[in-house]
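Participant: model this:
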Amino acid sequence: MTQLRKVMAEQAASNPQQFWGEAAKAVDWASPYQEVLTQGEQAHDYQWFSGGKLNTCYNAVDRHVELGRGEQAAIYYDSPVTDSRETISYNQLHREVKRLAGALQDLGVTQGDTVVIYMPMIPQTTYAMLACARIGAIHSVVFGGFAAKELATRIDDAKPKIVISASCGVEGAKVLPYKPLLDEALNLSAHSVDACLIYQREQCQAQLQAPRDHDWLDCCERASDADWVALDATHPLYILYTSGTTGTPKGVVRDNGGHAVALTWSMKHIYDVGAGEVFWAASDVGWVVGHSYIVYGPLLVGATTVVYEGKPVGTPNAGAFWRVIQDYSVKSFFTAPTAIRAIKREDPNGDWLSQYDTSSLAVLFLAGERCDPDTLHWAGERLQKPVVDHWWQTETGWSICANMMGSDPMPVKAGSPCLAIPGYQVSVVDESGEPVEPNAQGAVVIKLPLPPGTLTGLWGNPERFYQGYMARYPGYYLSGDAGYMDEDGYLYIMSRLDDIINVAGHRLSTGRFEEVLCSHPAVAEAAVIGVHDNLKGQLPLGLVVLKQGVELSEDALQQELISLVREQVGAVASFKLVSSIPRLPKTRSGKILRATMRKIADNQSYQTPATIEDPSTLQLVEQTLHQMGVKD
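Facilitator: Next up, the predicted model:
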């Protein structure tokens, strides 16, 4: 650890009030906070910047206009799938957001109401998020194109006043109408919304149903501009759903004050990006990366963000990312390792890369899943630029461990996201909570309180919040990841402690997969595990036990189950591996031995658990995986 980083880490640990109070000076406050950190009786009972008031939309938009940067580009919209581009200035962003916020108020949205946003990667999605933030509505963005049933569960949990959507998304050459999915979700949900606000895209016009549905442009034309409101720092900014081990989504809640302070700090110290510079996170606003680093982070510091509606390959080729970097002079680029692996598969020698000028690029950041060393080395050799893996979660909202490229770069170690960021006190512990020796694997935990910007709870479920993250190791946040630290303090994340699998950066619950598979009339029980995949990191693999007397061919069963998962979970699941099996390996208490099955699938050595009910079932798993072509 360098001396500067050591000093920063010690300051953040020993005097967080002073450290984060200094960071908070970069944010404009409507009213000053009374305390930087307020600590309750329990370790998990704390608040950041209580008593203070601010508005995230004002900090991300209005203040840059007031500072004279109104004509600067706020957003570069680039859509190879629709062959369109647009530059949106801060002045234009200001006008669009004020007017949309007024339209939301006309639809009855007030401070504290929730709003679900079901949108594709277009500028209007950022307008919707910022408009909600402007008037104190709590937005919950759901990944555009998510299956109707998944959308319905989020509507039932968030209980929105209205839903904001678009008529369609465009995925490659395919136009995906959103309105039928939204209508089905509203039919499935127990909660009734007051209205739906629909942005009509020229690729597909939606049929609006009076009196519930309203046209975006019509509403904005009739509306007056809405001013921003001063909100408590602890007032929720948004809810973002992430998979839970039970298959029921968890609504991670982010506050306004801590979020603004943390993201502003991170843009400078981690990403080395400030006002007027171009930052691009090639993600989607349905995921936490899109919230933090497509919308809020870059705009909070007056940078220019890129909203990209396309893929790393196929729209139109493996040079797509490099073309965007060239065209917009991107300084800092953030994507998932799976995107780089897809490019590497299509263009192993970097022929497409050589056709573009990427000299503006200073750093490539990777996150969303563990970056394998081969991918990191390939990207670094081709780009001749630093490639930085960093680790964070939907729950934390920004980096837990990272190389601080803006203030204190350190040597890169392939396979590690570097050291803990100041404010995060990370440890690796055994089952009893005792720290393990360097290079010994254990559960990765973070000492409480977590720094600003991290989750303040789970929407409407404080008990699940406590039991899921705080109860197992008192005084610590349980990350749910397993890993180890080396002698230099570099962290290595190796796997999940639970049964969440990571498919191309998308965290998906095996419990949800199993629920869908078991809904098939021929299936008695199911087990889903994540198996290693060179491109996507992990892929879901399902083994199902059929009901007695079922007469259905294996091919027909596979196709029906794959279609069922695609319909119920969505295409992002990449569910293609499934087979029937006579029996599943279980303990005597009836628990399925998923961890052992994963080791078999990934060709790792394993020991037959002492609690297994029938050891021969492990051989059945091996035989089935051989037949599927998964196991060597």
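Participant: So, low pLDDT: which residues of the stretch 501-632 of the chain?
Facilitator: For the stretch 501-632 of the chain, the stretches flagged by pLDDT under 70 are 507, 587-591, 610-611, 632.
Participant: again with the stretch 201-350 of the chain
Facilitator: Looking at the stretch 201-350 of the chain by pLDDT under 70, you get 243-247.
Participant: Which stretches in it count as strands?
Facilitator: 213-215, 231-232, 236-242, 250-255, 278-281, 304-308, 332-335 (DSSP state E, counting those that start in this stretch).
Participant: Go through the ones you listed and name the closest to residue 194.
Facilitator: Comparison of the strands of the stretch 201-350 of the chain against residue 194 by CB to CB identifies strand 213-215 as nearest, at 10.4 Å. Quick note: C-beta positions are derived from backbone N, CA and C, even for glycine.
Participant: buried ones in that closest one?
Facilitator: The neighbour-count check on strand 213-215 (16 or more other CB atoms under 10 Å) flags 213, 214 as buried.
Participant: how far out from the middle of the chain is that strand?
Facilitator: 29 Å (CA atoms, centre = their mean, to the nearest Å).
Participant: can you give me how far the helix or strand harbouring residue 620 is from the chain middle?
Facilitator: Here residue 620, judged by DSSP states H and E, is contained in helix 616-628. Averaging C-alpha positions (CA atoms, centre = their mean) puts helix 616-628 34 Å from its chain's average.
Participant: Ok, stretch 188-203 next?
Facilitator: On CA atoms, centre = their mean, the centre of stretch 188-203 falls 23 Å from the chain's centre.
Participant: Same check on stretch 3-20?
Facilitator: 28 Å.
Participant: how is this protein carved up into domains?
Facilitator: 3-310+390-458, 500-628 (automatic domain parsing).
Participant: Out of those, which is closest to residue 482?
Facilitator: So among the domains of the chain, domain 3-310+390-458 is nearest, using CB to CB, at 6.0 Å.
Participant: what about the closest one, start to end distance?
Facilitator: Start-to-end span of domain 3-310+390-458 (CA to CA, to the nearest Å) is 37 Å.
Participant: What residues sit buried inside stretch 224-238?
Facilitator: Buried residues in stretch 224-238, counted by 16+ other CB under 10 Å: 226, 228, 229, 231, 232, 233, 234, 235, 236, 237, 238.
Participant: quick one: contacts for the last one?
Facilitator: The reference is to residue 238. Neighbour list for residue 238: 129, 132, 133, 138, 139, 140, 141, 253, 254, 291 [criterion: CB atoms under 8 Å, 6 or more residues apart in numbering].
Participant: coming back round to it: tell me which of the strands of the stretch 201-350 of the chain sits nearest to residue 198.
Facilitator: That would be, of the strands of the stretch 201-350 of the chain and by CB to CB, strand 213-215, which comes in at 5.8 Å.
Participant: Can you classify the residue lying closest to residue 120 once chain neighbours are set aside as helix, strand or coil?
Facilitator: Closest residue to residue 120 apart from its sequence neighbours, by CB to CB, 6 or more residues apart in numbering: residue 169 at 3.7 Å. Secondary structure, DSSP: H, G, I helix; E, B strand; the rest coil: residue 169 is strand.
Participant: so residue 169 bridges to which residues?
Facilitator: Residues in a beta bridge with residue 169, per DSSP bridges, are residue 176.
Participant: quick one, phi/psi of residue 35?
Facilitator: phi -140, psi 140 (degrees, to the nearest 10).
Participant: Comparing the domains of the chain, which comes out most buried?
Facilitator: Across the domains of the chain, averaging neighbours per residue (mean count of other CB atoms under 10 Å) puts domain 3-310+390-458 on top, at a mean of 20.
Participant: Show me how far that domain is from its chain's centre.
Facilitator: Per CA atoms, centre = their mean, the centroid offset for domain 3-310+390-458 relative to its chain is 10 Å.
Participant: one step back: in the buried residues of stretch 224-238, find the pair that's most separated.
Facilitator: It's 226 and 234 that sit farthest apart of these, by CB to CB, at 22.3 Å.
Participant: Could you export the strand or helix carrying residue 563 as PDB, keeping only the C-alpha atoms?
Facilitator: If you go by DSSP H and E, residue 563 is part of helix 554-568. Extracted in PDB, the C-alpha atoms of helix 554-568 (Å, rounded to 0.1, in the frame of the first residue of the first chain):
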ATOM      1  CA  GLU A 554     -35.800 -35.600 -23.800                       C
ATOM      2  CA  ASP A 555     -35.600 -33.300 -26.800                       C
ATOM      3  CA  ALA A 556     -39.200 -32.100 -26.400                       C
ATOM      4  CA  LEU A 557     -38.700 -31.700 -22.600                       C
ATOM      5  CA  GLN A 558     -35.600 -29.600 -23.100                       C
ATOM      6  CA  GLN A 559     -37.200 -27.300 -25.600                       C
ATOM      7  CA  GLU A 560     -40.300 -26.700 -23.500                       C
ATOM      8  CA  LEU A 561     -38.200 -26.000 -20.400                       C
ATOM      9  CA  ILE A 562     -35.900 -23.600 -22.200                       C
ATOM     10  CA  SER A 563     -38.900 -21.800 -23.700                       C
ATOM     11  CA  LEU A 564     -40.500 -21.600 -20.200                       C
ATOM     12  CA  VAL A 565     -37.500 -20.000 -18.600                       C
ATOM     13  CA  ARG A 566     -37.100 -17.600 -21.500                       C
ATOM     14  CA  GLU A 567     -40.700 -16.500 -21.100                       C
ATOM     15  CA  GLN A 568     -40.700 -16.300 -17.300                       C
END
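Participant: which residues are contacting whichever helix or strand comes after it?
Facilitator: Counting by DSSP H and E, the element after helix 554-568 in chain order, helix or strand, is strand 577-580. Residues outside strand 577-580 that contact it (CB under 8 Å, 6+ apart): 517, 531, 539-546, 554, 557-558, 561-562, 624, 627-628, 630.
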